[in-house]
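Enquirer: Next come a sequence and a model predicted from it.
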Amino acid sequence: METIFDLRNVSYTYLGKFEALREIDLKIGRGEQVAIMGANGSGKSTLLSILNALIYPTSGEFYAFGNLVTEDAFDTLQAGEFNRYFRRKTGFVFQNPDVQMFSSTVYDEIAFGPLQLDLPGEEVKRRVDDVIKMIGIEKLRDRAPHTLSGGEKKKVCIASVLASSPDVLLLDEPTAGLDPRTQLWLIELLHELGHAGKTIVTATHDLDAVEHISERAIVMGEDHRIRVDTRSSVVVNDLDLLLSTNLIHKHMHRHGAITHHHIHSHEGEHQHGHNGPEGERMP
Ligand SMILES: Nc1ncnc2c1ncn2[C@@H]1O[C@H](COP(=O)(O)OP(=O)(O)O)[C@@H](O)[C@H]1O
Ligand SMILES: [Mg+2]
């Protein structure tokens with residue numbers, strides 16, 4: 001399998017003092033679907049930002065598509081070609097859709113990427129129409145993005161990224177804040193895109209989604225190191241790992257396909273279902 005991302009001993013520190021990633025060694029191959037898991041603050045978003053060359057390692061090296069990625073490599077004129085290649089190849093869906101949208105209509109927002117690719121007008125229109133239909137947002141076509149609901153904005157961001165047809169998709173907690181039906185829709189979409197051969201890296205702590213959208217899971221510890229890098233099915237069934245990485249709380253147990261929330265009033269005594277949803281089915 002061709003390696004497209006290769007991080008070698010990468011550390012990242014914000015402002016010289018806030019550590020976010022520590023000594024990360026990680027290779028991602030073309031066509032892989034990988035979940036990046038870990039508690040809040042463990043470094044998931046920082047890792048995605050490095051993969052998308054939005055920030056550069058404080059130390060260590062990041063190679064993408066066989067090239068060493070540095071700030072200089074992106075800023076110098078000679079690097080323009082690699083920069084264009086990289087931007088064509090990858091698409092990033094941010095956690096907060098507001099930072100991603102700037103056009104006055106949904107249609108223009110989605111057309112922006114394809115227009116950047118210098119495609120003929122007819123082809124741009126065809127791509128935008130196709131993706132609007134695929135995502136099912138025909139009704140939103142002429143709306144102003146800032147007037148949409150959170151879930152609608154998320155759909156438009158996903159549509160924008162897909163319209164450029166990148167080989168690599170990077171998504172930061174894509175299901176967070178979506179209603180259950182939209183979450184399920186997105187999980188199925190990512191599943192299909194994976195089957196179609198896209199490389200997909202998804203930061204998530206949605207345990208129910210992980211196995212559906214990725215074969216492989218990387219769990220970040222609260223010390224900003226990779227704790228494990230293994231099959232998703234192994235991670236979601238490793239209770240000790242999930243507890244120790246703060247992906248579940250000890251008052252919440254998972255039993256196969258069903259999540260039970262047990263409210264423990266006293267040690268050894270279980271009250272079921274008084275203070276929360278119980279027996280929620282997985283999508
Ligand atoms: N812009 C920033 N300035 C300073 N510290 C930051 C910034 N962004 C993130 N951090 C810190 O870096 C660490 C990793 O954050 P992040 O990558 O956002 O984690 P996650 O996405 O897993 O929640 C956290 O301790 C966080 O406080
Ligand atoms: Mg994050």
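Expert: Ah, there it is. Ligands and ions are numbered 1, 2, ... in the order given.

Enquirer: Distance-wise, check the residue of the chain at minimum distance from ligand 2 relative to ligand 1.
Expert: For the chain and ligand 2, the shortest gap (C-beta to the ion) falls at residue 45, measuring 3.2 Å. Yep, even glycine has a C-beta here, placed from its N, CA and C like the rest. From residue 45 across to ligand 1, the span is 3 Å (C-beta to the nearest ligand atom, to the nearest Å).

Enquirer: per the record, what domains does the protein have?
Expert: As recorded under automatic domain parsing, the domains making up the chain are 3-248, 256-283.

Enquirer: now do the same end-to-end measure for the first one.
Expert: By that I understand domain 3-248. 32 Å (C-alpha to C-alpha, to the nearest Å).

Enquirer: any idea of the mean pLDDT in that domain?
Expert: Taken as a whole, domain 3-248 has a mean pLDDT of 93.

Enquirer: repeat for the last one
Expert: Within the predicted structure, the mean pLDDT of domain 256-283 is 41.

Enquirer: quick one, helices of the protein?
Expert: Secondary structure of the chain (DSSP state H): helices at 44-51, 71-75, 80-89, 106-116, 121-135, 150-163, 180-195, 207-213, 232-236, 239-244.

Enquirer: want to throw these into CSV with mean neighbour count and distance to residue 57?
Expert: Output for these, formatted as CSV (neighbours: other C-beta atoms under 10 Å; distance: least, C-beta to C-beta, whole Å):
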stretch, mean neighbour count, distance to residue 57
helix 44-51, 23, 6
helix 71-75, 13, 10
helix 80-89, 15, 16
helix 106-116, 21, 27
helix 121-135, 16, 33
helix 150-163, 22, 24
helix 180-195, 17, 27
helix 207-213, 21, 26
helix 232-236, 18, 25
helix 239-244, 15, 26
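
Enquirer: Reformat those as JSON lines; add distance to residue 173.
Expert: Compiled in JSON lines, the helices of the chain are given as follows (distance: least, C-beta to C-beta, whole Å):
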{"stretch": "helix 44-51", "distance to residue 173": "8"}
{"stretch": "helix 71-75", "distance to residue 173": "25"}
{"stretch": "helix 80-89", "distance to residue 173": "22"}
{"stretch": "helix 106-116", "distance to residue 173": "21"}
{"stretch": "helix 121-135", "distance to residue 173": "19"}
{"stretch": "helix 150-163", "distance to residue 173": "10"}
{"stretch": "helix 180-195", "distance to residue 173": "11"}
{"stretch": "helix 207-213", "distance to residue 173": "10"}
{"stretch": "helix 232-236", "distance to residue 173": "16"}
{"stretch": "helix 239-244", "distance to residue 173": "17"}
